[in-house]
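Engineer: This is a predicted model, with the sequence first.
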Amino acid sequence: MDIQLRKGLLEYCVLAILRDRDSYGYQMIRDISECIEISESTLYPILRRLESAGKVTSYNTEYNNRIRKYFHLTDDGRQMLSDFKSDREQMIKVLDFISKGEKNDEESIL
């Protein structure tokens, strides 16, 4: 997948993970990896960017005598996720348009 497209989608995956509950880095990686590959070196810059933009906040909690950093979705982050879902229909049209050419290519081969 194109790096820019993947990067943009990963931001929305992070927001979607935080929609229902606060989470921490390792858990987010596990959850997101179910649909798209992500590593720590990719996740943490995304989290910093989202936090700088006011889309998420963070707080520390002790867990098993260690500090764990949790992230929380802000109202701005919820709005960003909502706006993305609103664009879904347009995205589907674009994907269908792109795929349409492939179907014609396959039919001409047969």
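Structural biologist: It's in.

Engineer: tell me the strands in the chain, going along the chain?
Structural biologist: Taking DSSP state E to define them, one finds strands in the chain at 23-24, 56-63, 66-73.

Engineer: just these: most buried one?
Structural biologist: Neighbour counts (mean count of other C-beta atoms under 10 Å) averaged over each of those peak at strand 23-24, with a mean of 17. (Each C-beta comes from the backbone N, C-alpha and C, glycine too.)

Engineer: what packs against it?
Structural biologist: The helices and strands touching strand 23-24, judged by 3 or more C-beta pairs under 8 Å, 6 or more residues apart in numbering; DSSP states H and E, are strand 66-73.

Engineer: Swap in 10 Å and give it another go.
Structural biologist: For strand 23-24, the contact count by 3 or more C-beta pairs under 10 Å, 6 or more residues apart in numbering; DSSP states H and E identifies helix 25-32, strand 56-63, strand 66-73 as packing neighbours.

Engineer: Pull up the pairing partners for it, direction included.
Structural biologist: Note on strand 23-24: by DSSP bridges, its sheet partners are strand 66-73 (antiparallel).

Engineer: roughly how far is the partner strand from the heart of the chain?
Structural biologist: Distance, stretch centre to chain centre, for strand 66-73: 18 Å (C-alpha atoms, centre = their mean, to the nearest Å).

Engineer: okay, the angle between it and strand 56-63?
Structural biologist: 150 degrees (axes from the mean of the first three to the mean of the last three C-alpha atoms, to 10 degrees).

Engineer: Dump the C-alpha coordinates for strand 66-73 into CSV.
Structural biologist: The C-alpha atoms that make up strand 66-73 are tabulated as CSV, following Å, rounded to 0.1, in the frame of the first residue of the first chain:
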residue,chain,number,x,y,z
ARG,A,66,5.5,0.4,35.8
ILE,A,67,4.2,3.6,34.3
ARG,A,68,1.9,3.1,31.3
LYS,A,69,1.0,6.0,29.0
TYR,A,70,-2.7,6.0,28.0
PHE,A,71,-4.3,8.0,25.2
HIS,A,72,-7.8,9.5,25.2
LEU,A,73,-9.8,10.7,22.3
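
Engineer: Thanks a lot, see you next time.
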